[in-house]
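> Quick one, structure for this:
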Amino acid sequence: MLTFISKSYQIFWIVAGFLVISSIVLSNYDLTFDINVHDTYFVIHYAHLILFLSIIYAAYGVIYYVIKMLKLELLKLVRRFHMITTVLIVPLDYSIRLLIDYFTTPNWPLSDNSGLKDIITMVLIALFLFAQLVFKIDLIFALFRKYIIKT
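The predicted structure follows:
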């Protein structure tokens, strides 16, 4: 478990590479994510969403690498929560979408389960954003402990 914590930047870089490859594969399919805000629909192609997430994962890999070089001490529980939540959000979303498609059948030919899938995706995005907020607060406290208290 100690190598998992000390090499967390490599995990983020591996996941970012995997997401770049999967966004290239998803660019051939017509999978979209719809967000309804008042009277406006925002339609986002899944390949673009996954490519954006890969940039975020690569950036977090750089942040964890800088944290290691600066020898900052983050709280272990918060760091594990951030890593597990951030890395597992995308596979969890894929898995839930596949399970919904497999176990539910439409009531009539023109219906689909995109509303339920979009709600689950929005909940997972909210959990993802909460993990990022908790990580940033922990990072600020780690910087405060290292540079403000010791001087």
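
> contacts, neighbours, all on C-alpha from now
Noted.

> which stretches of the protein form strands?
All strands of the chain, identified by DSSP state E, fall at 32-37, 40-45.

> other SSEs contacting the lengthiest helix in the chain?
If you go by DSSP state H, the chain has its longest helix at helix 114-143. Helix 114-143 is packed against strand 32-37, helix 76-103, with contacts defined by 3 or more Cα pairs under 8 Å, 6 or more residues apart in numbering; DSSP states H and E.

> Which positions in that helix come out as buried?
117-118, 121, 124-125, 128, 131-132, 135, 138-139, 141-143 (16 or more other Cα atoms under 10 Å).

> Stretch 84-104 now?
85-87, 89-90, 93, 97.

> between those, which is nearest residue 17?
Ranked by distance to residue 17 (Cα to Cα), the buried residues of stretch 84-104 are led by residue 87 at 12.4 Å.

> ok, the closest one to residue 99 distance?
20 Å (Cα to Cα, to the nearest Å).

> Residue 136 too?
Applying Cα to Cα to residue 136 and residue 99 gives a distance of 33 Å.

> do residue 11 as well
Applying Cα to Cα to residue 11 and residue 99 gives a distance of 26 Å.

> got the strands of the chain as a markdown table, with mean neighbour count columns?
Compiled in a markdown table, the strands of the chain are given as follows (neighbours: other Cα atoms under 10 Å):
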| stretch | mean neighbour count |
| --- | --- |
| strand 32-37 | 13 |
| strand 40-45 | 12 |
